[in-house]
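Student: pasting the structure only:
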Ligand SMILES: [Ca+2]
Ligand SMILES: [Ca+2]
């Protein structure tokens, strides 16, 4: 792929990743959302390539984002926990770990090809100083290191800071208000402006850019700005989607107005499935798929995905390539004319032959929950080695990752092992994972024979990274981020009391 | 609407209704089916108007089709049973009833405007001589009076006849084979040819036509012809959908080749939701909706719907009008410049102002199961007065209308009455009917206040028709249909033993 940019332009193409937070496969009109309120994203698909079989690397934010930016499964890059078996883990502000220095983060590598990189929005790969995105290749940052949970009292727990580059410029619920009652927050507009400004500046400077637009309006607490509040048929969640859709339209229009759309690769996707636990008011839709965020069913990890690059990616195509968020790492390097690192396993594929040439590549999709390989998809078949939603104890308290859905023996509330005889589904006939193949069928045996060596090879050669999500400590929370002094917003941390993080599901 | 045809052409527009059988809302790419195997239907939507909120009049074949052709709810036109409370009923070949003579059937009325009418495929409004479609306004028929169930032994039960016009020309599984093992049958190709031939003949004769293309390949036993078998990612059901999609493409192309597309109104929809009881091999998808055929949840009655009329209906639009299959009756009359009958209640609306002018009209959608009003939708809100899937007894035998779905207190296996305090859902926020509004909320009370008078008015003024689906008799089966003598295919009927039909759910 080297020279791809060079052929059509004096510099490699710009790369723009639009990463949504907890947006579900079924949230876009083009993916069948009945209210059809995403005209800009639908148009992006009509002008680009739609991927109905595109997957996150994890059903939770942090590991998914770490996988995107390293091209590697969370089990390799350390974004998992060994505290308990098959537990989802992420980076709340008491987490001690984060992105290891030895991981190659995408913008670090893109620097070699002269890219200027910016992250707008949620980083979520660790909030302690050593994990700062500007220490991992980004040149600019506007956004926050953790989720926009809160408000907190700044005594037991500080409010999450918002950074501009190296320093904090305020905190959520303080300088950056989110009204939990009305759902009003101006953040998507701020993030949009950051994106537009960055694009204009890089275009003026004639430097190739990597913009990672990792906005979070569809993650609970869901928010929208006043002009969008109350405008959706879908309630507050839909208001957030409408504002995002409108923003994407403005970003794509700017690329066209600046006449750089033919030199800018844009990809839209989401970090994990819709959080059905927040539905119907603050959670999205996973369409016909089973369960949602937190689970390794399709609803937890199959994502909306659209590639857009006018003049290069043919318009109006659908690719059934099994794609992964990790492919965005390798594909971005390919766009920059760079080879992926050869000193380690990279799970992401270069999708350019898929997007430019319509090729299809056989590859497995692995579904992990923490330290455990829960399932694998190969071609049309998905094999589950473990099934679990959450514990009976949680479920009885009303925490339900699969509301309204119940597939006997599949959406289990105890961890069920099927490593010897996996539950196998045909995702074409049965996208909802409702009808396991009969163990006695020749189809089952054929699939098992094909899946087994792939999984054995994967597990035999796997070298797990040092788990980053095991230790929590209240002392590491965002008490006194860099820049707090100038703002008079430094808080006093408590004494350090490191302990194992509690990951209930 | 009179003169609509006259304005642009020397004759009123042709009317082409493409009615699918048990096809679900989620079966088309444009409605989000992940395999996206309906390029022709997706293009039809891109060139026409998509209706995401379009409803059948009943979750079962016969009543839905009777409603389409009379513009009236089954409770009015007689297509229901009073044998037991809230039972689905249809027209198996032992049924004694059928379309009453006093009902105005659409092609009867279209005759007044000079239309030639043909039905291709499944009639399902009664198979006894008095109910023959050519006695109810159609000029031509190729197809069958009942479902393509079988094969039968021609002793306890005759195979279903296939008619050409007045006489039978063979029987399913005999002259018209369906291979249940391989799924091979040539019927969609035959039905396609019938459609193309009819269109060409009417175009040559310069007569306006009404073609009712009521094909049944997506009704179990699902079938496809050899070139399509094994071609879908979705298995046999998908093969059937692909063949239908291909056929629709050929029909629309013919209209364009004959240069009559701008004088032909085409509407695509389905008679009821996907039969999940036949999934995954012989049943389709209802997308994000709850349950399927047989139920009054959205999966049972919300249908795919596309209007196509190049040059008249603007391209690429989505209408959120609450539409009904009964609207096709009134709209067709309007296209012909005719007023609907004024001597009876017509439930169908004229959708031309919606389709040509983008108007939206407030109207309720009523969901009946047999004699019982189960639910109503008004705007975004749906109120359930009764909930039921099927009996525990059936369910324990494995008959499941909602596989993998279970909404506590909603997908009930006993008939639960909620007439005083209906279960209310907001279909925009919660299309899957998973989260009933709290009875204590002001939203609930507001909706109840709006729904109650609409339902009271409906019920107060309702005059139920004579129920047609109460009496069954083995003697009335298709033993000796007209034409059987010529073919040597007459069978001897047993003695008449009329009794109440058994409708288990
Ligand atoms: Ca997320
Ligand atoms: Ca049907």
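Tutor: That came through fine. Note that the coordinates shown come from a computational prediction; the quantities given were computed from them, not determined experimentally. Ligands and ions are numbered 1, 2, ... in the order given.
Student: please make it C-alpha for all contacts and neighbour counts, starting now.
Tutor: OK.
Student: what's residue A:318 in contact with, if anything?
Tutor: A:49, A:50, A:51, A:52, B:36 (C-alpha atoms under 8 Å, 6 or more residues apart in numbering or on different chains).
Student: hey, what's the residue lying closest to it once chain neighbours are set aside bridged with?
Tutor: Nearest non-adjacent residue to residue A:318, counting by C-alpha to C-alpha, 6 or more residues apart in numbering or on different chains: residue A:50, 4.7 Å away. Here residue A:50 sits in beta bridges with residue A:306, residue A:318, going by DSSP bridges.
Student: so residue A:50 sits against residue A:319, correct?
Tutor: Yes - if you go by C-alpha atoms under 8 Å, residue A:50 and residue A:319 touch, sitting 6.2 Å apart.
Student: that older thread, how close does the residue nearest to residue A:318 get to ligand 1?
Tutor: The spacing between residue A:50 and ligand 1, counted by C-alpha to the ion, to the nearest Å, is 21 Å.
Student: follow-up on the earlier one: give me the more crowded residue out of residue A:50 and residue A:319.
Tutor: residue A:50 (26 against 20; other C-alpha atoms under 10 Å in any protein chain shown).
Student: I'd like to know how far that one sits from residue A:284.
Tutor: With distances taken as C-alpha to C-alpha, to the nearest Å, residue A:50 is found 19 Å from residue A:284.
Student: same check, this time on residue A:476
Tutor: 32 Å.
Student: re earlier: contacting residues for the residue nearest to residue A:318?
Tutor: Taking C-alpha under 8 Å, 6+ apart as the test, what residue A:50 contacts is A:305, A:306, A:307, A:316, A:317, A:318, A:319.
Student: can you narrow those residues down to the ones near ligand 2?
Tutor: Among the contacts of residue A:50, proximity to ligand 2 is found for none (C-alpha under 5 Å from the ion).
Student: now do the same for the residue nearest to residue A:318: its pLDDT.
Tutor: Per-residue confidence (pLDDT) for residue A:50: 98.
Student: quick check: it vs residue A:215, distance?
Tutor: Distance from residue A:50 to residue A:215, by C-alpha to C-alpha: 21 Å.
Student: I'd assumed residue A:172 was in contact with residue A:153.
Tutor: No - the criterion here is C-alpha under 8 Å, and residue A:153 misses it with residue A:172 at 11.8 Å.
Student: now do the shared contacts for those two.
Tutor: With C-alpha under 8 Å, 6+ apart as the test, residue A:153 and residue A:172 both reach residue A:159.
Student: between these two, who's got more neighbours?
Tutor: Shown here are residue A:153 and residue A:172; by other C-alpha under 10 Å, residue A:172 has more neighbours (21 against 9).
Student: now do the same contact list for the more buried one.
Tutor: Counted by C-alpha under 8 Å, 6+ apart, residue A:172 has contacts A:148, A:150, A:151, A:159, A:160, A:161, A:162, A:178.
Student: please redo it, this time with the cut-off set to 6 Å
Tutor: Residues in contact with residue A:172 (C-alpha atoms under 6 Å, 6 or more residues apart in numbering or on different chains) are residue A:160.
Student: contact residues of chain A facing ligand 1?
Tutor: Counting by C-alpha under 5 Å from the ion, chain A sits next to ligand 1 at A:21, A:22, A:61.
Student: the residues you listed in helices, which ones?
Tutor: residue A:61 (DSSP state H).
Student: quick one: which of the residues of chain A next to ligand 1 is nearest residue A:403?
Tutor: residue A:22 (16.2 Å; C-alpha to C-alpha).
Student: now that closest one. Nearest residue, chain neighbours left out?
Tutor: Residue A:22 sits nearest to residue A:274 (C-alpha to C-alpha, 6+ apart), 4.8 Å away.
Student: all strands of the stretch 51-200 of chain A, in order?
Tutor: A:54-55, A:116-122, A:140-144, A:161-164, A:167-171 (DSSP state E, counting those that start in this stretch).
Student: could you single out the most deeply buried of the ones you listed?
Tutor: strand A:54-55 (a mean of 28; mean count of other C-alpha atoms under 10 Å in any protein chain shown).
Student: off-centre distance for that strand?
Tutor: Computed by C-alpha atoms, centre = their mean, to the nearest Å, the chain-centroid distance of strand A:54-55 equals 10 Å.
Student: show me what that strand is packed against.
Tutor: Here strand A:54-55 touches strand A:302-303, strand A:323-324, going by 3 or more C-alpha pairs under 6 Å, 6 or more residues apart in numbering or on different chains; DSSP states H and E.
Student: residue A:398: neighbour count?
Tutor: With other C-alpha under 10 Å as criterion, residue A:398 counts 11.
Student: nearest to residue A:70, out of the helices and strands packed on strand A:54-55?
Tutor: strand A:323-324 (12.4 Å).
Student: first-to-last residue distance for stretch A:135-147?
Tutor: OK, stretch A:135-147 end separation, C-alpha to C-alpha: 20 Å.
Student: let's test this: mean pLDDT of it, rounded?
Tutor: 98.
Student: so what touches it?
Tutor: A:107-108, A:117-124, A:127, A:161-165.
Student: please name the nearest non-neighbouring residue to residue A:489.
Tutor: Leaving aside its chain neighbours, residue A:489 sits nearest to residue A:480 (7.3 Å; criterion: C-alpha to C-alpha, 6+ apart).
Student: for residue A:236, same thing?
Tutor: residue A:281 (6.2 Å).
Student: next, count neighbours for that neighbour.
Tutor: 19.
Student: and it, how far from ligand 2?
Tutor: 34 Å.
Student: list the contacts for the residue nearest to residue A:22?
Tutor: Residue A:274 touches A:22, A:23, A:24, A:283, A:284, A:285, A:286, A:292, A:293, counting by C-alpha under 6 Å, 6+ apart.
Student: which of residue A:476 and residue A:284 has more residues huddled nearby?
Tutor: Between residue A:476 and residue A:284, counting by other C-alpha under 10 Å, residue A:284 is the more crowded of the two (31 against 21).
Student: give me the element the residue lying closest to residue A:351 once chain neighbours are set aside is part of.
Tutor: Of all residues not flanking residue A:351 in the chain, residue A:331 sits nearest, at 5.6 Å (C-alpha to C-alpha, 6+ apart). Assigned by DSSP states H and E, residue A:331 belongs to helix A:327-335.
Student: if we can go back for a sec, out of the contacts of residue A:318, which one sits closest to ligand 2?
Tutor: residue B:36 (22.3 Å; C-alpha to the ion).
Student: looking at this, that closest one is in a strand?
Tutor: No - using DSSP: H, G, I helix; E, B strand; the rest coil, the assignment for residue B:36 is coil, not a strand.
Student: report pLDDT for it.
Tutor: For residue B:36, pLDDT reads 98.
Student: next up, phi/psi of the nearest residue to it once chain neighbours are set aside, please.
Tutor: In this structure, residue B:36 finds its nearest non-sequential neighbour in residue B:29, 4.1 Å apart by C-alpha to C-alpha, 6+ apart. Note on residue B:29: backbone dihedrals following degrees, to the nearest 10 are phi -50, psi -40.
Student: residue B:29: how many residues sit nearby?
Tutor: With other C-alpha under 10 Å as criterion, residue B:29 counts 19.
Student: cool, the one 10 residues further on as well?
Tutor: Neighbours of residue B:39 under the rule other C-alpha under 10 Å: 16.
Student: and residue A:504, by the same measure?
Tutor: Residue A:504 has 11 nearby residues by other C-alpha under 10 Å.
Student: sounds good, over and out.
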